[in-house]
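1. have a look; sequence and predicted model below, questions after that.
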Amino acid sequence: MQIHNGELYWPTTYAREEHTNPAIAPFYDVVIVGGGMSGMLTAHALVEEGLKVALLDKRKPGEGSSAANTGILQYSNDIMLHQLMKQIGERDAVRFYQMCYKAIQELEEMAQLLPDQADFIKRPSGYFASKKRDMKKLQKEYEALKQYGFPCEILTEEEVWTKFGVKKAGAIITYEDAEINPYKFVVGLSERLKQQGLHIFENTILNIIEENKDDFTLHTIEGIIKTKRLVYTTGYEKVPFGKVKGANIRRTYAIVTNKIPDLHPWFERALLWETARPYFYLRTTVDNRIIAGGLDEGKAKPPKNPKHLNEKAEQLLNVLKDMLPQHDLEAEFIYGASFGESKDNLPFIGEHPDHRGHYYMLGYGGNGTVYSLIGSRIIADLIMERPNDDAHIVATHRKYGVK
Ligand SMILES: Cc1cc2nc3c(=O)[nH]c(=O)nc-3n(C[C@H](O)[C@H](O)[C@H](O)COP(=O)(O)OP(=O)(O)OC[C@H]3O[C@@H](n4cnc5c(N)ncnc54)[C@H](O)[C@@H]3O)c2cc1C
């Protein structure tokens, strides 16, 4: 399946090292299927545990959805905290938000060890009210976030104008969020993990899984691989085992503009999004471009027709020009990509409810990178048979889970 179409920006920012697949070891403690953000973070967590790990990817690592990812890291989610509290209860909702908050700090620590620190920069987020009536929802959310100690403030229409130069009825500003270059992060991390003993098999699709009494035999183009556990980090593509019940694959669009010499006024170059669904969002890059995305559609496959892609890019550019009329904006990169959401707005992380040894780390939703980090920690605990008090929140046995 084609996971994105058009011209991506991130792969132009990093020249990856040459890679040759290693000789297959007689046995691996864990085989990870998929080398995007989820697969690489899971590999990192498992290599840290001292396990012998192999990672297979049918492409080159980082070339899937992680190369299309616009690199916004937030502790707030598509579902607001006060809404999530209604859905799963106060304790679990607050814990989930706290896990997202902590994940950004952990990603920062990891980025510091990677080339150019993977362009990780702490940024606040501006969560705009798309309509005046959405201010009621934002007020409620602000109170919930404040009550549980999340760093944030609420802005009036005038304050939004002063800080951002845009006309919106109001906004929540959340602090301690961040931007990242997800491609540099994933590819940089893969190069580091290779030196630490991770066996990476590029262009290697997992064809057949044979279940033996105590282990698995995997048939791949590289040869036969033996392991005790499999972790599926296949992103928005079909999982090689089991079925994801609560997943909804859509498609979305993004543009990356020309370099803008002066981005003023743009309060601390905040990451911007809004209350409308689907939402329009934007951020800046280290070389002074603007990335803007949105216009999600019901179909799963990104469009092949360049005309369709250009029309969508023009729509995004027009929204951007309306918002920032002072800049001379052009779309230099335009792409469409598949995008997975879950029905209950939570990722799918954990072991298959009925089949031992098959684990999932599927970070569906706008906060996919943060979910990948959370998932890597949970998967490591499950595999090392350590207790994890939060794994049930995202477990595969829930109503909209994996079967
Ligand atoms: C346009 C866009 C913008 C986004 N913006 C953000 C954002 O700002 N912030 C954020 O947190 N998230 C964002 N996301 C979501 C984010 O991209 C994903 O959550 C995350 O990158 C997914 O990482 P992944 O490793 O799960 O998937 P992928 O990066 O797609 O990795 C999966 C890998 O598995 C491999 N694979 C699949 N099937 C097989 C198989 N059978 N055998 C071998 N290999 C296989 C693929 O080749 C691929 O490399 C965005 C997504 C899109 C599309």
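-> Done, it's in.

2. residues contacting the closest residue to Lys140 other than its chain neighbours?
-> With sequence-adjacent residues excluded and distances taken as CB to CB, 6 or more residues apart in numbering, Lys140 is closest to His82, at 5.2 Å. Quick note: C-beta positions are derived from backbone N, CA and C, even for glycine. Each residue near His82 by CB atoms under 8 Å, 6 or more residues apart in numbering is listed here: 140-141, 143-144.

3. wait, does the strand or helix carrying Glu109 make contact with the ligand?
-> Secondary-structure assignment from DSSP states H and E places Glu109 in helix 90-111. No. If you take CB under 6 Å from any ligand atom as the test, helix 90-111 misses the ligand, and the best it gets is 9.8 Å.

4. tell me the first helix or strand C-terminal of that helix.
-> strand 121-128.

5. contact partners of the helix or strand just after that next one?
-> Going down the chain from strand 121-128, the next helix or strand is helix 135-147, by DSSP H and E. Residues outside helix 135-147 that contact it (CB under 8 Å, 6+ apart): 76, 80-82, 85, 97, 127, 129, 152-154, 169-172, 174, 275.

6. wasn't the residue nearest to Lys140 part of a helix?
-> Yes. Remark: His82 belongs to a helix, assigned using DSSP: H, G, I helix; E, B strand; the rest coil.

7. gap between it and the ligand?
-> Remark: distance between His82 and the ligand (CB to the nearest ligand atom, to the nearest Å) = 22 Å.

8. buried residues in the worst-scoring helix or strand of the chain on mean pLDDT?
-> One helix or strand of the chain scores below all others by mean pLDDT, DSSP states H and E: strand 206-211, with a mean of 91. For strand 206-211, burial by neighbour count (16 or more other CB atoms under 10 Å) applies to 206, 209.

9. which element follows that strand toward the C-terminus?
-> As assigned by DSSP H and E, the chain's next helix or strand after strand 206-211 is strand 216-220.

10. next SSE after that next one?
-> strand 223-232.

11. beyond that next one, next helix or strand please.
-> strand 247-257.

12. helices or strands up against that following strand?
-> Counting contacts by 3 or more CB pairs under 8 Å, 6 or more residues apart in numbering; DSSP states H and E, strand 247-257 is packed against strand 290-297, helix 306-323, strand 331-342.

13. may I have the second one exported as PDB, CA atoms only?
-> If I follow you right, that is helix 306-323. Extracted in PDB, the C-alpha atoms of helix 306-323 (Å, rounded to 0.1, in the frame of the first residue of the first chain):
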ATOM      1  CA  PRO A 306      -1.500  15.300  -8.900                       C
ATOM      2  CA  LYS A 307      -4.400  17.600  -9.800                       C
ATOM      3  CA  HIS A 308      -6.300  16.500  -6.700                       C
ATOM      4  CA  LEU A 309      -3.100  17.000  -4.600                       C
ATOM      5  CA  ASN A 310      -2.600  20.500  -6.000                       C
ATOM      6  CA  GLU A 311      -6.200  21.500  -5.300                       C
ATOM      7  CA  LYS A 312      -5.800  20.400  -1.700                       C
ATOM      8  CA  ALA A 313      -2.500  22.200  -1.400                       C
ATOM      9  CA  GLU A 314      -4.100  25.400  -2.700                       C
ATOM     10  CA  GLN A 315      -6.900  25.100  -0.200                       C
ATOM     11  CA  LEU A 316      -4.400  24.800   2.600                       C
ATOM     12  CA  LEU A 317      -2.300  27.600   1.300                       C
ATOM     13  CA  ASN A 318      -5.400  29.900   1.100                       C
ATOM     14  CA  VAL A 319      -6.300  29.200   4.700                       C
ATOM     15  CA  LEU A 320      -2.700  30.000   5.700                       C
ATOM     16  CA  LYS A 321      -2.700  33.200   3.600                       C
ATOM     17  CA  ASP A 322      -6.000  34.300   5.200                       C
ATOM     18  CA  MET A 323      -4.400  33.700   8.600                       C
END
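
14. angle of that helix against strand 121-128?
-> 80 degrees (axes from the mean of the first three to the mean of the last three CA atoms, to 10 degrees).

15. list the contacts for the residue in the stretch 201-350 of the chain that the ligand sits nearest to?
-> At 2.6 Å from the ligand, Gly235 is the closest residue in the stretch 201-350 of the chain, using CB to the nearest ligand atom. By CB under 8 Å, 6+ apart, the residues touching Gly235 are 3, 34, 36, 38, 64-66, 340, 362.

16. quick revisit: of the contacts of helix 135-147, keep whichever come out buried.
-> By neighbour count, with 16+ other CB under 10 Å, the contacts of helix 135-147 hold 76, 80-82, 85, 97, 127, 129, 152, 154, 169-172, 174, 275 as buried.

17. going by distance to the ligand, which of the residues you listed wins?
-> Nearest member of the buried ones among the contacts of helix 135-147 to the ligand, counting by CB to the nearest ligand atom, is Ser76, at 11.7 Å.

18. report the residue ranges of every domain in this structure.
-> Domain ranges of the chain: 24-68+183-246+344-394, 123-176+248-342, per automatic domain parsing.

19. which of the ones you listed sits most buried?
-> Among those, ranked by average contacts under mean count of other CB atoms under 10 Å, first place goes to domain 24-68+183-246+344-394 (a mean of 21).
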